[in-house]
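*Asks:* Pasting the sequence and the predicted model now:
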Amino acid sequence: MAILKSYGVFLRESTPQFPRPNLGDNYKRRNVKWKSPQAAVIPNFHLPMRSFEVKNRTSAEDIKSLRLITAIKTPYLPDGRFDLEAYDDLVHMQIENGAEGVIVGGTTGEGQLMSWDEHIMLIGHTVNCFGGSIKVIGNTGSNSTREAIHATEQGFAVGMHAALHINPYYGKTSLKGLVSHFDSVLPMGPTIIYNVPSRTGQDIPPRVINTVAQSPNLAGIKECVGNDRIEQYTGNGIIVWSGNDDQCHDARWSHGATGVISVTSNLVPGLMRELMFGGKNPSLNAKLLPLIEWLFQEPNPIGLNTALAQLGVGRPVFRLPYVPLPLAKRVEFVNLVKEIGRENFVGEKDVQILEDDDFILVGRY
């Protein structure tokens, strides 16, 4: 009983004592005009987790010189895991045909369907196998600044040469928020900012780019708004890659674009290199436009995935929610290959139509 009493005394003594409110204070508070509180500015005490002793370390200036960058496709095994053998073959074909860089885990590479573990592993694998032959640009962007910072730190730690960053999508932010988002990742290394309002729902206006362009790590912009916007940037000395294959020829030769970040080069890298390096070539551009239109009749990468399966350079495996183009469209692709010339496409097998039952759709992987 003595123990219980002493414990009760302890509880009473340890209870925090708060001052009683003064009723006069309440009256004073009711008669004071309310003011909006100012946002607390918290100093950023996190230093960038970066290293300058990376074997293949690349400067932003090195990235700025690239003309043809392929947004590389990620092929799959029947159970939905990465088919690294097919992936390696695809990258080899890019290198052999003159591509200078690859975007790993972008929209075309289906980074949106990857876990971050898969994402960083594929970036590291690409650097490890091909980093001496081609620039590896990891898509480490996110609509969460925290995730973008973490993934970018990891990407540079495994050796990627540059990062690709999207503006926050769906949960859109203000223009000041865009600047803060990009300022959070730019200190880590060479960066390409990607503007594609059709996917993000928000344009990155020039005033945002002009602000973040003060960073020496900004390599340039992948711009999908159009050639007028591209010329606006190039006129101010900002490096731009066209993000639209159907406009890239004119962007390169008439509007000052450095080159293109291309989907079509997955299929015809040699022809896309010629389009970016060989001077104005309206006849080649016209030759490629039907293929480009075919690729983008449904949201990318549906057309590309279908085409690579038909060419036999990847298994006909789709991670849902992507599904192959219908039979009639697959027949159209066979005809396009014949018109352009099978020798201009990747792979060595004859192009096939494939039956619907040949495709494997994977929802769990």
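*Replies:* That came in fine, so what should we check first?
*Asks:* Quick check: Pro299 vs Ile69, distance?
*Replies:* Using C-beta to C-beta, to the nearest Å, one gets 21 Å for the distance from Pro299 to Ile69. Quick note: C-beta positions are derived from backbone N, CA and C, even for glycine.
*Asks:* all strands for the stretch 251-365 of the chain, in order.
*Replies:* Here the stretch 251-365 of the chain has its strands, by DSSP state E, counting those that start in this stretch, at 259-262, 317-319, 360-362.
*Asks:* Save those strands as CSV, and put in distance to Gly347 and mean neighbour count too.
*Replies:* Formatted as CSV, the strands of the stretch 251-365 of the chain follow (distance: least, C-beta to C-beta, whole Å; neighbours: other C-beta atoms under 10 Å):
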stretch, distance to Gly347, mean neighbour count
strand 259-262, 18, 28
strand 317-319, 16, 21
strand 360-362, 19, 16
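*Asks:* out of Pro299 and Ile69, which sits in the busier spot?
*Replies:* Ile69 (29 against 12; other C-beta atoms under 10 Å).
*Asks:* if I look at that one, how far off is Ile134?
*Replies:* From Ile69 to Ile134 the distance is 9 Å (C-beta to C-beta).
*Asks:* Now do the shared contacts for these two.
*Replies:* Residues touching both Ile69 and Ile134 comprise 99-102, with contact defined as C-beta atoms under 8 Å, 6 or more residues apart in numbering.
*Asks:* so of those residues, which ones are in strands?
*Replies:* 101-102 (DSSP state E).
*Asks:* Quick check: the two most widely separated of the shared contacts of Ile69 and Ile134?
*Replies:* Greatest spacing in these, by C-beta to C-beta: Glu100 and Val102 (9.0 Å).
*Asks:* shared neighbours of these two, which are they?
*Replies:* Taking C-beta under 8 Å, 6+ apart as the contact rule, Glu100 and Val102 both touch 69, 134-135.
*Asks:* So which of those are in helices?
*Replies:* If you go by DSSP state H, the shared contacts of Glu100 and Val102 have nothing in helices.
*Asks:* Dump the residues you listed to JSON lines, plus pLDDT.
*Replies:* Formatted as JSON lines, those follow (pLDDT from 0 to 100):
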{"residue": "Ile69", "pLDDT": "99"}
{"residue": "Ile134", "pLDDT": "98"}
{"residue": "Lys135", "pLDDT": "98"}
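*Asks:* quick one: which of these sit in strands?
*Replies:* Short answer: those in strands (DSSP E) are 69, 135.
*Asks:* got CSV for the shared contacts of Glu100 and Val102, with distance to Leu354 too?
*Replies:* Formatted as CSV, those follow (distance: C-beta to C-beta, whole Å):
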residue, distance to Leu354
Ile69, 29
Ile134, 30
Lys135, 33
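*Asks:* Just the closest of the shared contacts of Glu100 and Val102 to Leu164, please.
*Replies:* Ile69 (9.5 Å).
*Asks:* which ones are touching Leu295?
*Replies:* Contacts of Leu295 (C-beta under 8 Å, 6+ apart): 245, 263-264, 267, 303-304, 307.
*Asks:* What pLDDT is listed against it?
*Replies:* What the model reports as pLDDT for Leu295 is 98.
*Asks:* Make 42 the first number, not 1, from now on.
*Replies:* Noted, 42 is the first residue going forward, which turns the last one into Leu336.
*Asks:* what about the residue nearest to Ile343 when sequence neighbours are not counted, how many neighbours?
*Replies:* Excluding the flanking residues, the one nearest Ile343 by C-beta to C-beta, 6 or more residues apart in numbering is Tyr363, at 5.4 Å. Number of residues near Tyr363 (other C-beta under 10 Å) recorded here: 18.
*Asks:* how far away is Tyr363 from Leu336?
*Replies:* 14 Å.
*Asks:* the helices in the stretch 142-291 of the chain, which residues?
*Replies:* Per DSSP state H, counting those that start in this stretch, the stretch 142-291 of the chain carries helices over the ranges 157-171, 186-198, 216-226, 238-241, 247-253, 268-275, 289-295.
*Asks:* now the stretch 292-406 of the chain
*Replies:* Under DSSP H, counting those that start in this stretch, the stretch 292-406 of the chain gives helices at 310-318, 323-336, 343-352, 368-381.
*Asks:* Quick check: closest non-adjacent residue to Gly139.
*Replies:* Arg314 (3.8 Å).
*Asks:* so that neighbour makes contact with Leu109?
*Replies:* Yes: look at Arg314 against Leu109 with C-beta atoms under 8 Å: they come within range, at 5.2 Å.
*Asks:* Now the common contact residues for these two.
*Replies:* 139-140, 306.
*Asks:* circling back to that earlier point, the residue nearest to Ile343 contacts Asn341, doesn't it?
*Replies:* No: if you go by C-beta under 8 Å, Tyr363 and Asn341 don't touch, sitting 9.7 Å apart.
*Asks:* so where is this structure shaky, pLDDT-wise?
*Replies:* 42-87, 93-97 (pLDDT under 70).
*Asks:* in stretch 134-154, what's buried?
*Replies:* Within stretch 134-154, the residues that count as buried by 16 or more other C-beta atoms under 10 Å are 134-135, 138-152, 154.
*Asks:* ok so, going back, now, which of the shared contacts of Glu141 and Val143 sits nearest Leu325?
*Replies:* Nearest to Leu325 among the shared contacts of Glu141 and Val143, with distances taken as C-beta to C-beta, is Ile110, at 18.9 Å.
*Asks:* what residues are up against the closest one?
*Replies:* By C-beta under 8 Å, 6+ apart, Ile110 lies in contact with 140-144, 176, 178, 282, 300-303.
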